[in-house]
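A.B. asks: Sequence plus predicted model, see below.
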Amino acid sequence: MDQQKTRLFLDDLVVGMPFKSGTVDITADEIRSFASQFDPQPFHLDDEAARSTLFGGLAASGWHTAALTMRLIVDSLPFDGGLIGTRCELTWPLPTRPGDRLHAEGEIAEINPSRSKPDRGIVVMRSRTLNQNGAVVQTLSASLLVFRRPLTDRT
């Protein structure tokens, strides 16, 4: 398929439009590797030390869950020009654990074409990242800059 035709533009979106991603499996080694670089806290690095914390065992950093979710959403919503965030709100109601299989699902909640820049608009996307049991490990509400289809491509 032509790469240009697979890209999404503001013009392709409608409020309520759903999306669902593929899946990603999480390992203890990946949790520790991410944490050692970006969030070196005992409950992300050492299962034994994590047992005596609020988490009761090894848990992925929320930022690791967010990074994995970003990848899942980028693969699911191929916006022309990329997934460009302008603001977001994240929650992590449950920890991501070794052995979890995550996927993201969500919808387009708002579409606001720009009045001053007619080639773009702001889209509010809401998503949930779920584990293999359907439990929500992250919620995200993000405002994204999305471009309109070029005038020469509009029908």
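C.D. replies: Everything's here; your move. Predicted, not measured: the structure shown is a model, and the values here were computed from it. Numbering: from 1, shown residues only.
A.B. asks: Could you tell me which helix of this protein is the longest one?
C.D. replies: As assigned by DSSP state H, the longest helix anywhere in the chain is helix 62-76.
A.B. asks: tally of neighbours for Ser33?
C.D. replies: Residue neighbour count, defined by other C-beta atoms under 10 Å, stands at 13 for Ser33. Using the backbone N, CA and C atoms, a C-beta is placed for each residue, glycine as well.
A.B. asks: Next, it: secondary structure please.
C.D. replies: Following DSSP: H, G, I helix; E, B strand; the rest coil, we place Ser33 in the helix state.
A.B. asks: which residues in the protein form helices?
C.D. replies: Assigned by DSSP H, the helices in the chain fall at 3-6, 28-38, 42-45, 47-50, 62-76.
A.B. asks: for the first one, what is the average pLDDT?
C.D. replies: Averaging pLDDT along helix 3-6 yields 56.
A.B. asks: Does Ala66 touch Leu90 like I think?
C.D. replies: Yes. Under the criterion of C-beta atoms under 8 Å, Ala66 makes contact with Leu90 at 6.1 Å.
A.B. asks: Residues in contact with both of these two, list them for me.
C.D. replies: Contact criterion C-beta atoms under 8 Å, 6 or more residues apart in numbering; residues bridging Ala66 and Leu90 by contacting each: 138, 140.
A.B. asks: Strands of the protein, start to end?
C.D. replies: Counting by DSSP state E, residue ranges of the strands within the chain are 18-25, 84-91, 101-113, 120-130, 136-147.
A.B. asks: Does anything pack onto the third one? Which helices or strands?
C.D. replies: Yep, that's strand 101-113 we're talking about. Counting contacts by 3 or more C-beta pairs under 8 Å, 6 or more residues apart in numbering; DSSP states H and E, strand 101-113 packs against strand 18-25, helix 62-76, strand 120-130, strand 136-147.
A.B. asks: List the strands paired with that strand, with their directions.
C.D. replies: According to DSSP bridges, strand 101-113 forms sheet pairs with strand 18-25 (antiparallel), strand 120-130 (antiparallel).
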